[in-house]
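[1] Structure, please.
(one chain, ligands or ions: 1)
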Amino acid sequence: MTLFGVGLGPGEADLVTVRGKEVLENADVVYSPGRLSRSVALEHVDESKIGDLDFPMTKDEEKLRSAWKEAAAEIAPNAREGDVAFVTLGDPNVYSTFGHLRRTIDAFHPDVELEIVPGVSAVTAFATAMGVEIEAGAGLSLREAANGHSPTGPDRMILFKVTDAPATHEGLVEAGYEVTYGRRLFMEQGETLVTEDPAEIDERDYYTLAYAVKADLEVEQATAAFQQEGDGTEDASSEADSSSSGEPVADGGEVVVEEMAEGCAHGDCGGH
Ligand SMILES: C[S@@+](CC[C@H](N)C(=O)[O-])C[C@H]1O[C@@H](n2cnc3c(N)ncnc32)[C@H](O)[C@@H]1O
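    Numbers count the residues shown, from 1 in each chain. Now for the predicted structure:
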């Protein structure tokens, strides 16, 4: 039988893929690395199927290795006898705890069958949430901005782990970027926010990313001419839906107090 790494998407239950949902519904046990992924999984499976894993809040590599060895030792026998799922937010192969599990299973339980179900990653979901188009031919780099770090260089960057937005912002603006921040995009848990003002998100929330684009970047698109023509009469924009208007379409949710950053327990919220 099989161990499935299942990507849950950014957080809204109906952004789990059809395949992911099927795998969850058919799994004998569903393991989650944190409270948030667990709450999304619970929208698709009964609580009785949720398996227990214990992760220490540490960046100590020795302790992390032994936690993953224990987790793999718990999961492997169940994956030999039946189908089990290990869920992660977003995609299991993008900045994810699943990599630790996969490597540990490969090393100590190589007979376990492994399959991955991709999920909607924040790497792509941000574009819709912010009303941004990454047009064909454009480059986009994924970087990390934990602890106020401001990586620079590429024309367009998506920055994960923006834990000190004001500090990150300062460095990016100095290097000539325009920056938009997105917090808890497409998430049911907590308040969704899209803003260009780092002061609005100065309180740390692990589920914050930034899209940074060089202010002087010039993009030429054949159809851009439609938007410049417009005198309002039967222009192309009247047919366009709101997602192409350039306005953020982030939808909100109720504010939930304090969510332990998923991934922090396993060293995924650390430095760069
Ligand atoms: C460890 S990475 C996990 C990425 C995930 N595997 C994915 O594919 O989206 C966590 C970082 O992703 C970003 N992130 C993930 N989901 C997000 C969301 N729904 N809204 C905003 N940022 C998110 C945040 O920057 C967060 O610090």
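[2] Can you list the low-confidence ranges for the stretch 1-150 of the chain?
    Nowhere does the stretch 1-150 of the chain drop to pLDDT under 70.
[3] Val45 and Asp28 touch, don't they?
    No. Counting by Cβ atoms under 8 Å, Val45 does not reach Asp28; the two are 10.3 Å apart. C-betas here are computed from N, CA, C, even on glycine.
[4] The ligand contacts on this protein?
    10-11, 88-91, 94-96, 121-123, 160-162, 182-187, 206-209, 263, 268 (Cβ under 6 Å from any ligand atom).
[5] Val45 and Asp28: which is more packed in?
    Higher neighbour count among Val45 and Asp28: Val45, with 18 against 14, using other Cβ atoms under 10 Å.
[6] Can you show me the helices along the stretch 51-200 of the chain?
    61-81, 98-108, 122-130, 165-174 (DSSP state H, counting those that start in this stretch).
[7] Looking at those, which one is packed in the most?
    helix 122-130 (a mean of 21; mean count of other Cβ atoms under 10 Å).
[8] Leaving out the residues flanking it, which one is nearest to Glu135?
    The shortest distance from Glu135 to any non-neighbouring residue, by Cβ to Cβ, 6 or more residues apart in numbering, is to Gln221 (5.9 Å).
[9] and the one you found, helix, strand or coil?
    coil (DSSP: H, G, I helix; E, B strand; the rest coil).
[10] ok, it to Gln227 distance?
    Counting by Cβ to Cβ, to the nearest Å, the gap from Gln221 to Gln227 is 9 Å.
[11] now swap in Glu74 and tell me
    From Glu74 to Gln227 the distance is 55 Å (Cβ to Cβ).
[12] same question, Asp205
    34 Å.
[13] Could you list the buried residues of whichever strand or helix holds Arg19?
    Using DSSP states H and E, Arg19 falls within helix 18-26. Going by neighbour count (16 or more other Cβ atoms under 10 Å), the buried part of helix 18-26 is Gly20, Lys21, Val23, Leu24.
[14] would TSV of those with distance to His109 be doable?
    Shown next, in TSV, are those (distance: Cβ to Cβ, whole Å):
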residue	distance to His109
Gly20	23
Lys21	26
Val23	19
Leu24	22
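[15] Need the max-distance pair from those residues.
    Lys21 and Val23 (7.4 Å; Cβ to Cβ).
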